[in-house]
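>>> pasting the structure only:
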C-alpha cells in the first residue's frame with residue numbers, strides 16, 4: 001500500500017497537471033483570459049446598477065446632509081475599497097476618513113463624533129470585526145449605512161440604511177479572489193458619492209479648490225492664479241508716443257512681450273506688442289517712434305476676464321494665435337497679463353506649445 005506521503009504527492013502532481021492543462025500558453029489565450037476577467041467585472045457592475053434601490057438614494061441623501069465627516073470602515077479588500085471611497089468623498093466636497101475596525105475597539109472609536117455618518121462595507125455582511133463594532137458605530141454617530149451583498153445579514157440589520165449590491169461570481173479563474181465583488185463595491189460607493197456631491201451643489205470651481213496641483217489643478221485653475229500681476233507688467237498711457245511708451249514700459253521689473261495701453265481712467269484701451277515694434281523698426285522711419293502709440297496699437301484687444309478659467313483663456317490664445325493676453329476686471333482695467341512662456345513652463349499643453357512655436361517663428365499681430 002502507498003504511504004500517506006506518496007498518496008499526497010500523487011494527488012498534488014495530478015492537480016498540477018490539471019492546472020497546467022488549463023494554463024494559457026499563447027498570446028491570444030492570455031488576452032482572452034484578461035478580457036474575460038475585465039468583462040466579468042463590468043457585467044457585475046451593470047447588474048448591480050440595474051438592481052439598486054431607493055436605499056442607495058437615501059444613502060446619498062444622508063451623506064449630503066451630514067454635518068460632520070463620513071467615516072468609512074471595512075476589513076480586508078472591503079477596507080481597501082473603503083479607503084479609496086474616502087478619497088472620492090473628500091475630493092468632491094464631503095469630508096471623510098477611514099476607521100479600521102480592529103483599531104476602533106482599541107481606542108480609535110474616539111475619532112467618531114455625534115455628527116458623523118458611518119459607511120460600513122462588507123460583501124457578506126458578516127465580517128466579525130465590522131459586525132462587532134456596528135452597535136457602537138450606530139450609537140456614537142448620526143447614522144450607519146451598510147453596503148453589503150444582501151439585506152439578510154447582521155451588518156445590514158444593524159444599520160439605519162442598507163444598500164445591497166447583489167451577489168456576483170468573482171472574475172478570479174478560481175472563483176476565490178475578491179474581484180467582481182470589490183469592483184461593484186467601488187462603483188456603487190462612487191455612485192453614492194457622486195449623487196451626494198450633486199445634492200451639495202458641488203461645482204467645478206469647488207473641485208479646483210481641492211485639486212490645486214497636477215493636471216486637474218491646471219485644468220481648473222483661474223487666470224488670476226497664473227497671470228503676471230500688474231505691478232510686473234509693462235503699462236503705459238495711450239496718449240504717449242511710441243518712444244515714451246517704450247521708456248515707461250522698460251521700467252517694469254519683468255519683461256513681457258506686450259505693453260498694455262490705458263486711458264485716463266485706467267481702462268485698457270489697446271495693446272502694443274514686440275511684433276508691432278519690430279514691424280515699425282523695419283520701416284527705418286525714426287519719426288514714427290515719436291508718433292502717438294495709439295496709431296500703432298491694437299484697439300480693443302482680446303482679453304480674459306478676472307476669475308475666468310485658465311483653460312478657456314488658453315483656448316482663446318490658441319485659436320487667435322496670440323502670445324499675450326491681458327486680464328481685466330469688471331470695469332475693464334488691466335490687473336495682469338497671461339504670457340505664453342509662463343503657460344508652457346507649467347504645463348505640457350499642446351495648445352501652449354503650439355502657440356509658443358508659432359510666436360517664435362512668426363510675428364502675428366493681435367486681432
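Okay, I see it. Keep in mind that this is a model prediction, so the values were computed, not measured.

>>> need phi/psi at residue 323.
Recorded main-chain torsions at residue 323 are phi -100, psi -10, according to degrees, to the nearest 10.

>>> how close does it sit to residue 268?
17 Å (CB to CB, to the nearest Å). C-beta: built from backbone N, CA, C; applies to glycine.

>>> helix, strand or coil for residue 322?
For residue 322, the secondary-structure state derived from DSSP: H, G, I helix; E, B strand; the rest coil is coil.

>>> hang on, it packs against residue 304?
No. With contact defined as CB atoms under 8 Å, residue 322 does not count as touching residue 304 (11.0 Å).

>>> just give the strands next to the helix or strand hosting residue 272 in its sheet, each with its orientation.
Secondary structure here is read from DSSP states H and E; on that basis residue 272 sits in strand 268-273. Taking DSSP bridges as the criterion, strand 268-273 forms sheet pairs with strand 258-262 (antiparallel), strand 298-299 (antiparallel).

>>> below-threshold pLDDT in the stretch 201-350 of the chain: ranges please.
208, 211-219, 249-255, 345-350 (pLDDT under 70).

>>> all strands for it, in order.
Across the stretch 201-350 of the chain, reading from the start of the chain, the strands by DSSP state E, counting those that start in this stretch fall at 228-229, 235-237, 258-262, 268-273, 298-299, 304-305, 324-328, 334-339.

>>> what's next to the second one, contact-wise?
Pointing back at strand 235-237 there. For strand 235-237, contacts defined as CB atoms under 8 Å, 6 or more residues apart in numbering pick out 244-246, 248-249, 252, 259-264, 293, 334.

>>> and the residues you listed, which is closest to residue 64?
Nearest to residue 64, judged by CB to CB, of the contacts of strand 235-237 is residue 334 at 41.3 Å.

>>> for burial, what's the neighbour tally of the closest one?
The number of residues packed around residue 334, counting by other CB atoms under 10 Å, is 23.

>>> please look at it and residue 327 and confirm they touch.
Yes. Counting by CB under 8 Å, residue 334 sits close enough to residue 327 to count as a contact (6.9 Å).

>>> spit out the residues that contact residue 322 and residue 304 alike.
Counting by CB under 8 Å, 6+ apart, the common neighbours of residue 322 and residue 304 are residue 316.

>>> now that residue 130 has come up, it's in contact with residue 75, right?
Yes. Residue 130 is in contact with residue 75 according to CB under 8 Å; the separation is 6.0 Å.

>>> first-to-last residue distance for stretch 82-100?
The first residue of stretch 82-100 is 10 Å away from its last residue (CA to CA, to the nearest Å).

>>> ok, and what's touching it?
Residues outside stretch 82-100 that contact it (CB under 8 Å, 6+ apart): 63-64, 66, 68-75, 79, 108-109, 111-112, 118-119, 121, 186, 189-190, 193-194, 196-197, 200, 202, 206-207, 210-211.

>>> give me the subset of those that lies in strands.
In strands, defined here by DSSP state E, the members of the contacts of stretch 82-100 are 70-73, 118-119, 121.

>>> now residue 228: closest residue in space, sequence neighbours ignored.
Leaving out its chain neighbours, the residue that sits closest to residue 228 by CB to CB, 6 or more residues apart in numbering is residue 337, at 5.0 Å.

>>> bridging residues for the one you found?
residue 228, residue 326.

>>> follow-up on the earlier one: with neighbour count added, can I get the ones in strands among the contacts of stretch 82-100 in CSV?
Compiled in CSV, the ones in strands among the contacts of stretch 82-100 are given as follows (neighbours: other CB atoms under 10 Å):
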residue, neighbour count
70, 24
71, 27
72, 26
73, 28
118, 26
119, 31
121, 31
